[in-house]
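Student: I'd like to go over a predicted model; first the sequence, then the structure.
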2 protein chains.
Amino acid sequence: MRDVAIIGCGMTKFGRLEGKGLMELLVEASLKAIDDGGAGDRDFDAVYVANFAAGELTHQTGIASSLVDQLSLLPAAADRVENGPASGGSAIKNGFLAVASGAHDLVLVVGGEKMTHVDTDIITDIVATLSQPETEYVHGVTLPSLVAMFTRLYMQHHGVTERHLAMVAVKNHANALKNPYAHLQKAVTIEGVMNSVMIADPLRLYHCCPISDGGASVVLCPADEAKNYSDAPVRIAGFGQATDTHAVHERENPTVLKAVQLASKRAFEMAKLMPGDINVAELHDAFVILEIAQSEDAGFFRKGEGAKALEEGKTALDGELPINPSGGLKARGHPIGATGVAQVVELVWQLRGESGKRQVKGAEHAYCCNFGGFGNNVVAHILERM
Amino acid sequence: MRDVAIIGCGMTKFGRLEGKGLMELLVEASLKAIDDGGAGDRDFDAVYVANFAAGELTHQTGIASSLVDQLSLLPAAADRVENGPASGGSAIKNGFLAVASGAHDLVLVVGGEKMTHVDTDIITDIVATLSQPETEYVHGVTLPSLVAMFTRLYMQHHGVTERHLAMVAVKNHANALKNPYAHLQKAVTIEGVMNSVMIADPLRLYHCCPISDGGASVVLCPADEAKNYSDAPVRIAGFGQATDTHAVHERENPTVLKAVQLASKRAFEMAKLMPGDINVAELHDAFVILEIAQSEDAGFFRKGEGAKALEEGKTALDGELPINPSGGLKARGHPIGATGVAQVVELVWQLRGESGKRQVKGAEHAYCCNFGGFGNNVVAHILERM
């Protein structure tokens, strides 16, 4: 298996991007990554597009084929990969395998979603189609209501308080203020979060990510060719993917994110690294409780100690393991298909020392967790400076 | 790059399968392939699901994650691949790359679509979302109307007659009568086809595939482990994928299917074979003209000579290159996400000598062409007996 490097990356601003359609977001992110990778005059072998619901949200299908034409990358192979909110991680994994196999030498991976033109009720319903149709969806379960139950259970079992939940939001909003690509660019306070509108008890508005538009992209090539393109390539040292039961109530202990544990374990084994080696991480905080839970199940803190680590500032920008320097899904935003790719883009910038005011000093190893459905399909990646 | 083999395959009957949902079709096809491959007691590393429009047609997303749970294959990695009507070919390609890379040792690929519960108008519209949104879809272009224009042009440029069009249908319906999995199990006559209802001049009802439900599946492993599972494994000798302009009118010569030419060329180069080495082929005859055009652009006949070869019986079951022994999309049916996988399943059966009354004698090399959108994304595979 060949080693694979990321030689270029780019993203659009995330937010309510009126006047920009899905294809424009994918094109903008792609061109930035291609340009960043110095590959503008090269023939690409394949393009992988991560997208959750173009058919439902923008009434267009076969978008990978369309994009490759818009980018003038014909006749490159083109596929769309859909894995719910983990579509981005899955697309990067498949791009990685295409290069690792030796079949392809230059691969573009781009994720994007256009969401803000659609009513929130419709978005909530489409996202709810990720839930188990016969035992969850049919009873009116939505992702926020599922997460509310998870949050309550987590608070009961692991001593997480409403104050802890608020602290995740405060930290990630503060980080996003330093990220020009972030959707929500405003500071929030503990009290502000704790008094925000109740969505599904105990879940409040500021515990949830916004609905965003956006695109993000990376360019992959064999590691031994990376220096021909970039002075600062980043190696994909490991990946792991794992699934869990579709229905959350079928899990032995619903507060344990088993797919996060397994995906991380595999990624660390492949990278021959330990959680303690990681200097910066992007976790999938679509809801704040998920950052705490993932920080434990990924292996960074013992189960039940994530909130304490947060409280002690360990996950702050200047802590021992900064989590979501980008602002995370919580504040950078969550254009579903773009998210997993945006996590990797942020980590590449961090490893290259290009993250400006939110730069984590001297980062050499980075980790991200892209979380699909309600944790029934998780993709983890570990990146390292070359 | 490791050699990859198909050790098991299976499919549901194609047709109007009332009472069976998408997930049931995927499960049924998967279990047949797993059982056929003797892998029922093994841990799968990954599952790839080919599906065109589960969100739009069955209001479910993240179906790969759901399937892996239903099959009790947790915690295998799971991704959905969408590439319009070429989703099946793309999923097989990605499964191939996962094994070829060395990352995975046992991979399930399954394609499926549930369509017949939805009004035909809605199906026609969703399929039309594959067309170019700004220069085709917005003007009311549907796939049948696009193909009608293509057919007219092909008749003018290459001497194809209405009688030739009918001959494809007659041949493929006759083949389907010998295939218990086929949707349309009735013989048609030249006159019957030529007098069938006009859909879009010159396209008639019997020039078009039906709308079908169905699923199809294959199991992949490294070729050097294949004999541990199967007495008659089949090697994936080559694949090729290529894209073309999204808008058909932007092609230099719209009767030339450039993506078919390129995908085939790549597949043959990888397999170190020539078109003359192929003993049996499955082509993407969603509309009959496509069988004639692909038989030329894949390299089997010179441009403009496909209809003559058909007329001379060269593509009949007992001809020198039997095309669509399964009945093709025309008569076996076209559950969109299943089609590319079903083509491979038919060829595996042909290579193993298990195709019953439609068996092509002594087939050693087989070819299939899975055609996405209107030929803007094509995936070709070449299989061989091991």
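Tutor: In hand now; what should we look at?
Student: can you give me the helices for chain A?
Tutor: Taking DSSP state H as the test, the helices found in chain A are A:22-36, A:54-58, A:63-70, A:87-100, A:120-128, A:143-158, A:162-176, A:190-194, A:258-271, A:288-297, A:306-311, A:328-332, A:336-352.
Student: A:T129 reaches B:L57, doesn't it?
Tutor: No: counting by CB atoms under 8 Å, A:T129 does not reach B:L57; the two are 11.6 Å apart. For the C-beta atoms, the positions are set from N, CA and C on the backbone; glycine is no exception.
Student: Between those two, which is the more surrounded one?
Tutor: B:L57 (22 against 19; other CB atoms under 10 Å in any protein chain shown).
Student: residue contacts, that one?
Tutor: B:L22, B:E113, B:K114, B:M115, B:V118, B:I123, B:I126 (CB atoms under 8 Å, 6 or more residues apart in numbering or on different chains).
Student: quick one: the first one and B:M115 touch, right?
Tutor: Same thing as B:L22. No: between B:L22 and B:M115 there is no contact under CB under 8 Å: 9.3 Å.
Student: Distance of A:N228 relative to chain B?
Tutor: 22 Å (CB to the nearest CB, to the nearest Å).
Student: what do you get for A:E296?
Tutor: A:E296 is 18 Å from chain B, by CB to the nearest CB.
Student: Please apply the same query to A:A242.
Tutor: From A:A242 over to chain B the distance is 4 Å, taken as CB to the nearest CB.
Student: residue contacts, that residue?
Tutor: Counting by CB under 8 Å, 6+ apart, A:A242 has contacts A:K258, A:A259, A:V260, A:Q261, A:L262, A:A263, A:R266, A:N377, A:V378, B:P75, B:A77.
Student: Run a quick neighbour tally on the spatially closest residue to the fourth one that is not a sequence neighbour.
Tutor: So the one you mean is A:Q261. With sequence-adjacent residues excluded and distances taken as CB to CB, 6 or more residues apart in numbering or on different chains, A:Q261 is closest to A:D297, at 4.8 Å. When neighbours are defined as other CB under 10 Å, A:D297 has 27 of them.
Student: mind checking how far A:A182 is from A:E282?
Tutor: To A:E282, A:A182 is 13 Å away according to CB to CB, to the nearest Å.
Student: Name the residues contacting each of those two.
Tutor: A:S326.
Student: More neighbours: those two, which one.
Tutor: For A:A182 versus A:E282, neighbours defined as other CB under 10 Å are more numerous around A:E282 (30 against 25).
Student: my read: that one touches A:L321, true?
Tutor: No: under the criterion of CB under 8 Å, A:E282 makes no contact with A:L321, lying 11.5 Å away.
Student: got a list of what the residue nearest to A:S101 when sequence neighbours are not counted touches?
Tutor: Spatial nearest neighbour of A:S101, excluding adjacent residues (CB to CB, 6+ apart): B:S101 at 3.8 Å. Taking CB under 8 Å, 6+ apart as the criterion, B:S101 is in contact with A:M1, A:L97, A:A100, A:S101, A:G102, B:M1, B:R2.
Student: And the residues you listed, which is closest to A:R152?
Tutor: The closest of these to A:R152 turns out to be A:L97 (CB to CB; 39.1 Å).
Student: what sits against the closest one?
Tutor: So A:L97 contacts B:N94, B:L97, B:A98, B:S101, B:A103 (CB under 8 Å, 6+ apart).
Student: per-residue confidence for the last one?
Tutor: To tie it back to what came earlier, the one meant is B:A103. The model reports B:A103 with a pLDDT of 98.
Student: What about it, how many residues nearby?
Tutor: Neighbour count of B:A103, defined by other CB under 10 Å: 20.
Student: how close does the closest residue to it other than its chain neighbours sit to B:T116?
Tutor: Nearest non-adjacent residue to B:A103, counting by CB to CB, 6+ apart: A:L97, 5.8 Å away. As judged by CB to CB, A:L97 and B:T116 stand 35 Å apart.
Student: next one: A:V260
Tutor: 39 Å.
Student: neighbour count winner among the two?
Tutor: Taking neighbours as other CB under 10 Å, A:V260 and B:T116 compare with A:V260 leading, 27 against 21.
Student: which residue packs closest to that one, ignoring adjacent ones?
Tutor: A:D297 is the one closest to A:V260 (CB to CB, 6+ apart), at 4.0 Å.
Student: Just the pLDDT at the one you found, thanks.
Tutor: 98.
Student: Look up how far B:G111 lies from it.
Tutor: Distance from A:D297 to B:G111, by CB to CB: 33 Å.
Student: Ok, A:Q359 next?
Tutor: In this view, A:Q359 and B:G111 are 45 Å apart by CB to CB.
Student: who's more crowded, these two?
Tutor: Remark: of A:Q359 and B:G111, B:G111 carries more neighbours, 37 against 18, as counted by other CB under 10 Å.
Student: thought A:V379 was touching A:P85?
Tutor: No: the pair A:V379 / A:P85 is not scored as a contact, 10.1 Å apart, by CB under 8 Å.
Student: list the residues that contact both of these two?
Tutor: Common neighbours of A:V379 and A:P85 (CB under 8 Å, 6+ apart) are A:G340, A:N370, A:G372.
Student: Among the residues you listed, which one sits closest to chain B?
Tutor: Of all the shared contacts of A:V379 and A:P85, chain B sits closest to A:G372, with 6.1 Å by CB to the nearest CB.
Student: Surely the closest one touches B:T61?
Tutor: No: taking contacts as CB under 8 Å, A:G372 lies outside contact range of B:T61: 9.9 Å.
Student: who's more crowded, the two?
Tutor: Higher neighbour count among A:G372 and B:T61: A:G372, with 33 against 29, using other CB under 10 Å.
Student: Look at that one and report its pLDDT.
Tutor: 95.
Student: next one: the one 5 residues further on
Tutor: As predicted, A:N377 sits at a pLDDT of 98.
Student: For it, list each beta-bridge partner.
Tutor: Here A:N377 sits in beta bridges with A:T243, A:G372, going by DSSP bridges.
Student: Near chain B, which residues of the stretch 51-200 of chain A? Just list them.
Tutor: A:52-53, A:55-56, A:59-62, A:64-66, A:68-70, A:73-84, A:90, A:93-94, A:97-98, A:100-103, A:126, A:129-130, A:132-133 (CB under 8 Å from any CB of the partner chain).
Student: ok, A:E296 touching A:L310?
Tutor: No: using CB under 8 Å as the test, A:E296 is too far from A:L310 to be in contact (10.7 Å).
Student: Can you give me the neighbour number for the nearest residue to A:V127 once chain neighbours are set aside?
Tutor: Nearest residue to A:V127 in three dimensions, chain neighbours excluded: A:L143, at 5.2 Å (CB to CB, 6+ apart). Other residues near A:L143 come to 21 when the count uses other CB under 10 Å.
Student: Kindly report the same for the one 5 residues further on.
Tutor: Using other CB under 10 Å as the criterion, A:A148 is surrounded by 21 other residues.
Student: Ok, A:K361 next?
Tutor: 11.
Student: what residues are up against A:A78?
Tutor: By CB under 8 Å, 6+ apart, the residues touching A:A78 are A:A46, A:V47, A:Y48, A:V49, A:A64, A:S65, A:L67, A:V68, B:N83, B:Q241, B:T243, B:N377.
Student: Surely the first one touches A:A98?
Tutor: This points to A:A46. Yes: in terms of CB under 8 Å, A:A46 counts as a neighbour of A:A98; the distance is 5.5 Å.
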